[in-house]
Every structure is written in C-alpha cells, then in structure tokens.
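In: The following block contains a protein sequence and its predicted model.
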Amino acid sequence: VQLVESGGGSVQAGGSLRLSCAASGFGADAYAIGWFRQAPGKEREGVSCISSIEESTYYAESVKGRFTVFNDNAKNTVWLQLSSLKAEDTAVYYCAAAIWGRLTCPETMNDMDYWGKGTLVTVSS
C-alpha cells in the first residue's frame, strides 16, 4: 500500500486548500483513512477521519466546521478540504490508512497501518 499526499502550499489566513491522498495497492473492501498534522515543535494531531463502515467521519474540535473530508472510491483518493484557514493550521499534513482492526473513526486513528510522507501547509496571518 502506498499513500501519496498532495495539494499543500502557502495561503493567507482565511483562504482554502484541498489536500488529496491517493492510495495504490489498496485491495481492502473495508478501510479508514485518517488525516493528521504536525506543526514544528508540537506533537502529531489527529485532524479528521473517514471510514468505509457506514461512511462515518470524524473531525477534531480545532477544525470542525472548517475542514471537510470526503472520498472518491473510483479514484482511490480521499480529499481534505481546508477552509477558513488560520495561522495555527500551519503544519505538515499526513494521511494514513487502516485496513485491519476496528476501522471506525476516531478509534482507528490510534492504530493506522500505512502512512504517507506528508504535504506542507503554511498559513500566513
């Protein structure tokens, strides 16, 4: 399984970006995809999650109402729409996949099986 993130960049506060997570070698019928971020000097934070089980989603309180996660199964891609960005959203954003275990969000975010290399989002105030 390979995960590749893209869509990061620099944007002013209040702006938007759309991140994508393209999965290859992904033969599982049931899965969960999580989005995480890590800002300089801070611990990694779980931001959002989408599960194929009941198409459930999860958002951290810090991004609820501003970020939206959705998938395109035909393209094996999960998207994270970032809106109303703030300077504190600046971080490297990673996607991760779980194909074993409970696969519900947010529980599976503690036990992801595969990780991408990340894409940098910089928000200037």
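Out: Structure's in. What do you need?
In: can we go C-alpha only for contacts and neighbour counts from here?
Out: Will do.
In: Can you verify my assumption that G101 contacts T108?
Out: Yes: taking Cα atoms under 8 Å as the definition, G101 is a contact partner of T108 at 7.4 Å.
In: neighbour count winner among those two?
Out: T108 (23 against 14; other Cα atoms under 10 Å).
In: Is T108 in a helix, a strand, or coil?
Out: At T108, secondary structure determined by DSSP: H, G, I helix; E, B strand; the rest coil is helix.
In: wait, what's in contact with it?
Out: By Cα atoms under 8 Å, 6 or more residues apart in numbering, the residues touching T108 are A32, A98, G101, R102.
In: Buried among these? Make that a PyMOL selection.
Out: Filtering those down to the buried ones (16 or more other Cα atoms under 10 Å) takes a single PyMOL command:
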select buried, resi 32+98
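In: So which of the contacts of T108 is the closest to V78?
Out: A32 (10.1 Å; Cα to Cα).
In: Report the beta-bridge partners for the closest one.
Out: Judged by DSSP bridges, the bridge partners of A32 are S51, A98.
In: for N71, same thing?
Out: V78.
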